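Enquirer: Attaching a predicted model along with its sequence, questions to come.
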Amino acid sequence: MSTATTESATSTTSAAVGTTDTQKRSFTASAALYLNERTSLAGFIKELGRKAFPDHWSFLLGEVALFSFMVVLITGTFLTFFFQASMAPTHYSGPYVPLKGVEMSVAMSSTLNISFEVRGGLFVRQMHHWAALLFVAAIGLHMLRVFFTGAFRKPRELNWTVGFTLFILAMAEGFTGYSLPDDLLSGNGLRIIDGLIKGIPLVGTWISFLLFGGEFPGTAIVGRLYTLHILLLPALVVALIAIHLVFVVVHKHTQYAGPGKSPGNAVGPPILPIYAAKAGGFFFIVFGVLALIASLFTINPIWNYGPYDPSPVSAGTQPDWYIGFADGALRLIPPGWEFQWLDRTWSFNIIVPLVALGIFIILAMIYPFLEAWITGDKREHHIADRPRNAPTRTAIGAAGVTFYAGLWAAASSDILATHFSLTMEGVIHTLQAITVLGPFAAYFITKRVCLALQKKDREIALHGFESGRIVALPGGEFIEVHKQLDEYERWRLISFESYTPLMVRPDVRGRISTRQRIRGVLSRWFFEDRIAPVTKAELESAKHDHH
Amino acid sequence: MAHDDHSGTDIAAASSDAHDPLVSPGTALVVADPFENPGFPPHRPRVTDTNPQREKRAQRTVTVLFYLSILGSVWAIAAYMLFPIETNDMASVRTNNLLIGLGATLALLAVGFGVVHWGKALMADVELVDERHAVGGTEKSRVAAAQIFADANRESGFSRRTMIRRSLFGALIAFPLPAVVLFRGFAPQDKDPVHLLNHTMWKKGTRLTLDPSGAPIKAADVTLGSAVHVIPEGLAEMTEGKLEEKAKAAVLLMRLEPSALNELPERKDWSYSGIVAYSKICTHVGCPVALYEQQTHHLLCPCHQSQFDVANHCEVIFGPAKRPLPQLPITVDDEGYLVAQSDFHEPVGPSFWERSA
Amino acid sequence: MTRTKRRTGRRHPFVFFGLLLLGLILTGGAYAAVSDDARARASVDANSQHTIDEGKKLFQANCATCHGLQAQGSGTAPSLIGVGAASVDFQVGTGRMPMAANGPQAPEKPPQFTDEQIAELAAYVASLAPGPVIPDASLTSGGGDAAKGAELFRINCAMCHNVAGAGGALTEGKYAPSLESTSGTHIYEAMVTGPQNMPVFNDLTISPESKRDIITYLKYTQENSSPGGYALASLGPVAEGLFIWIFGLGVIIAVTVWITAKSN
C-alpha cells in the first residue's frame, strides 16, 4: 500500500489527514494524522472510503449472517466464563426443583447455573442459540441469492467455495455447540453421530473409539467438542470471513441490471457515509431482533430434557434445523440396506446417506466451475442475472432446493404426522417420493416458468404493456392500447446475457475429444431451450407495426 | 488493491475485460449491434430534500430514537438490579430474562433504526459510479510478478536442483506423520473397541433390575401388556463407567400372551411365560428404542422411526434399521426373580465394520 | 416496543409480529386455564347397588353395542371384565369412550357424561370383576418428589409423550397424547390400566409413591411457565427452526427491504 500512501499526500478530499502544514488542527485531525503516520490508514480510507456499494435488499443477507455471527461471538464469550466443559458427575443443587439432587455432568449443571442463577445468563444463552440458528439460516438464504443470480461467475468462483466452506463450518459450529450442555437431547444426538461413524466402512469403529476417548459416551467428548467449538472452528470461521470480505473488496459487489449500470461500473451510495450508516445501523437491528426473540422465546430448555442417560429418549428428538437434512436422509432409507460380505458389515443405510449428501455438497460447491466450463465464457461478470434469464441454472437450483427440502422435512416426519393427523409411514413414503422425484418435477416446472417469464418480458419489451385503455376504431373494432416502455424500463428487460448451445466441431486433427463431446451434451442441455433477447431490428419492426 | 499502479494509459488497459474482444465469451451470444445503455435516469429527490419540515421531522425522529436507546440501556440496567433472580423462584428467572431482554432490545433497535433512518433520510442522497478494473490487474504488474518468481527460482535453484527439491517434498510429507500417530492416544491404549463392542455386563445369573432404582424384578410382578425398563443388577451402584455400560446393557422387558409370541426354534427357552427381554439400543444408529405399543406389539424408535415387531423376535417392519434387536435370554432364579441366561449372543447397538453375524 | 417502531419508518414489521405473539400468549393462557385438575368428584357411593344398576342401564344404552350386553367384548371392542373402575373413569372421563368413529386410536374429546354418570358406569364395570380402582386423591394431587418423578418420567414415559409431555407420534397414525392439560387422576389411571397401546405400569414396576412423583413433576410443568419465555409448544428444535426461518428471517428481510428502499 505504500504507493497509495504517497498518493494520499496529494489528495484534496482527505485534507486533514494528508496536509503537513503547520496550521492549528482540531483534535480529530491531529489524532487522524498521528494514526496515519503510523498505519498508512489514509491509503485505505482513500481506496475504500468512497467505493460505491450497490444497494439491494438481497445484498444484505450476507450481512445478516456476519452480524449474527458477531452476536454469537459476543454472547459466546460471555458464556465461556461460566460454562465448564467437564463430564465429571455431580449432583445438581441449584434452584430448579424437578432436577434437585439429580446426578448429571458438570457441563449440564454449569449450563443450568448460567440459565437460572446468573442474572441475564439465560438471556445471553438464549440469544447465543437463536443467533446461531439465524447465522446458518442467513448463510443459506445468502447462498440461494448468490446462486440464483449467478453472482458466483468469474471472478467470484473461489469466493463461492470460501462461502460454502463457511456454511459447512457454521453447521459444525452449531452441532458442537448443541452437544455441549450434555443434556438428554444432545446426548442422543451424539449417540446418533456415534452410530453414524461406526457405520463407515473400515475406519468407523476406530474413529468413534478415538473421538469419544473409548466407549460411547465416555467422559471426553464434551471437552473435545468444546475446544473445537470455541477455538478451532471460530478461528477458521473468522479467517474465512476475512478472506470472503477481502474478495468482496477486490471484486467489488455485483449489481442488478439497470439503466446506467454496466459490466464495467459499480453504482451505489458511497461506503462513507451512507453505506456505513446503513450497515452499522443494521448490525444493531439484527442484534436487537435477536435480543427481542431471546427475551420472549425459550430455546433449548435443557431443564426439560434432563441429564444425558443412554436409556431414556424424548419423543421428537431432532437436531437443530441445519443438521435436519442429514437426519432426514437417515430416516428416508428403506428397510434392509445392510449386508454381510467378506465377514464384514456394510451399512448401506448409513453409507448411502453419507455419500448422497457428500455428492450433493460437492456438486453445489463446484457448480460455478462446471457452468464456466460449459459456457466457456472467460469474461468477468458483474451484473447479477435475473433468475428467469438463466432458466437451466434456476431449474437446477430449484431441483437442489427440493431435494434439500425433502430431506429437511423428513427430519420432522414424526411431528408432521402428529400435527397433520397423518400416519408416520405415509409421511415417510411421501417424502421418499418427494426427495427422489421432486427434484425432477421442480426442474421441469421451474424451467418452463422461467421460459414463460422470459417470453413475457420479450413481449413487453417489444409491444409494451396493456394500458387498460380501450379505444374504438372507426370500423367499430375495439382494441386495448398498449403502452410502450420508456427506455429505462426496457433496458432492464433486454440487457441480459444469452448463450447458444455449443456446436462441437472436430479439432485440427479431425477428432472430437470425449471432453468436448461431454461439454457439447451439457451445453445443449443448458441452452437448447432458450428465448433470444430482443434485438434492435426486432424492436424497430415492432414499433413500425404499431404506428 | 487489485489495481495497484493505474495511471494514464494503464487504466484503459486494465479496465474490465467484459468488453475486451480478446477475452473469449464462450458460447455467449455476442450481438454485433447491441442496444445502447440509456444511462442513468434523472435523479429523484427525497421528501426530506425538498421539504424542510420533513427534514426537521426526520432529524427529530433520529434524535428521539437515540434517546430511546439510552432509555433502553437504563431500563436494562434497572431491570438487572430491580428484578433479581430470587432463590428457588423460577418466575423471577422469567421476569429477569424478559425485562433485561426487552431493555436491551430497545437499546439496540432504537440505535439501529435511528442510524439507518439518518442514513436514508438525511445523509446526502448521492450515488457514485466506480469504474471496475480487471481483477487480474494490468499486464505490467503480471509481467513484474512473473519476473519476481523467475528471479526467485533462478536465485534459489528450485527447479534446477531437483535432488534438493525432491528430498524437501519427502521431508514435508513425512513431518506431519508423527502427529497422526499421536491421535491413537485419544482413546485408551490398551483397549480394543471391537472387543468392547462384543460384550456387555450381562452374564449368566445377572438379575434384571428396574431402571433407575436397581430393584430386582419378580416374573410374577410383570403384568400382561406391561413394558419395564431394565438395567443389569449392580449397574445402579457403579461409579466408574456406568453410562458406558448402560449404553450397551439397557433392556426392555415386555410381557405378551405366550400365544402371541412367534419364537424362533433356537430361542424357544429364551423367554419366560410370555416375558421377553430385548436390547433397547437401536440396531440403526443407537437411539433407545422404547416406544412399545402393547396392542400391536410394535416397538418404535423415536429418532429415525425404525419399527420392530416384538411378537416376531423384533424383526424390522419399517424404517432404516436392518437387524432385529438382540434378544437377552432370560429365566427365573430360585427366588422367582428374572435373571439373564447369558450375555447377548451378538453385539448390541449400531452396526460396525468389524461386526460379523 | 411498538412505540419505537412507529417512529422509524413506514414499515412496521413488528406490528404483525407483536399481534401474533399476543395471540400465541392468549392461546397458551387459555390452555393453562383449562388444565384444572380440581375436577369435582361426584358424590356417589360406588358400592351401592343403586349406583351399579344405574351404571348398568347407562352401559347397555351407550356401550353395549360394541362391548356386548354383558361387557364380554366383541369382534370390534375388547371385553371390559376386569378392567376396573380406573379404566372406565379414564376412558369415559377423557371423552375417549364412547368412540365417535373408528380410527387409529380413540382421540380425547369433551366427555359425553356427567361425573355422576361416569361414576355409575365405573361402579358397574368394577362390579363385574376386580380391577384397578380409581386412585385416592392423595396420590393424584401432587406433593411428591418432582425430581424423582421427572427421572421416572424420562425413563418410562418421555420416549412417547416427550420430555415436556408435549406428546409424540406412534406407528400407523397412532400417537401419544399431550399431557399438558391432563389431570392427575387420569394420568394415574392411564398408568395402571394401559389404555389402548400404552403399556401397563403396575404398582410393582412403578410404586404408587413413584406414580405420585411423576404426577408431581407433570403438575410442575403444567403450572410453571418456561423460565425462558414462550415455549413454542415444547416441540424442540423443529419448532425453533421453523420460528427462526419464518419470524426471525421474516422480520430481518422486512428490515432489509426498508433499509434499501428510497426514503420518502
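Expert: Noted; the coordinates are in hand. Numbers count the residues shown, from 1 in each chain, chains lettered A, B, ... in the order given.
Enquirer: CA only for contacts and neighbour counts going forward, please
Expert: Noted.
Enquirer: residue boundaries of the strands in chain C?
Expert: With DSSP state E, the ranges of strands along chain C come out as C:168-169, C:175-176.
Enquirer: neighbouring contacts of the first one?
Expert: Strand C:168-169 is contacted by residues A:315-316, A:414-415, A:417-418, A:424, C:160-162, C:175-178 when judged by CA atoms under 8 Å, 6 or more residues apart in numbering or on different chains.
Enquirer: Quick one: list the elements packing against the longest helix along chain B.
Expert: Looking across chain B with DSSP state H, the single longest helix is helix B:52-82. Applying 3 or more CA pairs under 8 Å, 6 or more residues apart in numbering or on different chains; DSSP states H and E, one finds that helix B:52-82 contacts helix B:47-50, helix B:90-117, helix C:2-8.
Enquirer: Which among the ones you listed is found nearest to residue A:201?
Expert: Taking CA to CA, helix B:90-117 is the member of those nearest to residue A:201, at 47.7 Å.
Enquirer: Buried ones in whichever helix or strand comes after the closest one, by neighbour count?
Expert: Heading C-terminal from helix B:90-117, the first helix or strand you meet, by DSSP states H and E, is strand B:128-131. Neighbour-count burial for strand B:128-131 flags B:128, B:129, B:130, B:131 (criterion: 16 or more other CA atoms under 10 Å in any protein chain shown).
Enquirer: Relative to residue A:37, which of those residues is nearest.
Expert: Closest to residue A:37, out of all of the buried residues of strand B:128-131 and judged by CA to CA, is residue B:130, at 27.7 Å.
Enquirer: Run through the residues that contact the residue lying closest to that closest one once chain neighbours are set aside.
Expert: Nearest non-adjacent residue to residue B:130, counting by CA to CA, 6 or more residues apart in numbering or on different chains: residue A:266, 5.0 Å away. Contacts for residue A:266 were tallied using CA under 8 Å, 6+ apart; they are A:52, A:53, A:54, A:252, A:253, A:254, A:255, B:128, B:129, B:130, B:131, B:132.
Enquirer: Let me know the secondary structure of residue A:266.
Expert: strand (DSSP: H, G, I helix; E, B strand; the rest coil).
Enquirer: quick one: contacts for residue 199?
Expert: Let's take chain A. With CA under 8 Å, 6+ apart, residue A:199 has these contacts: A:205, A:346, A:347, A:350, A:351, B:350, B:351, B:352, B:353.
Enquirer: Sorry, I should have been clearer: chain C.
Expert: Taking CA under 8 Å, 6+ apart as the test, what residue C:199 contacts is B:225, B:226, B:227, B:292, B:293, B:294, C:191.
Enquirer: For the fourth one, name its beta-bridge partners.
Expert: Going back to what we said before, that points to residue B:292. The partner list for residue B:292 in beta bridges (DSSP bridges) reads residue B:299.
Enquirer: Please identify which of the strands of chain C is closest to residue C:264.
Expert: strand C:168-169 (50.9 Å).
Enquirer: Just checking: what are the partner strands of that closest one?
Expert: Short version: by DSSP bridges, strand C:168-169 pairs with strand C:175-176 (antiparallel).
Enquirer: buried stuff in the helix ranked longest in chain A?
Expert: Secondary structure of chain A per DSSP H: the longest helix is helix A:424-463. Judged by neighbour count using 16+ other CA under 10 Å, the buried positions of helix A:424-463 are A:424-425, A:427-428, A:431-432, A:434-435, A:438-444, A:446-448, A:450-451, A:453-455, A:457-458, A:460-463.
Enquirer: and it with chain C, contact?
Expert: Yes: legend: contact between helix A:424-463 and chain C by CA under 8 Å from any CA of the partner chain is shown at A:424, A:425.
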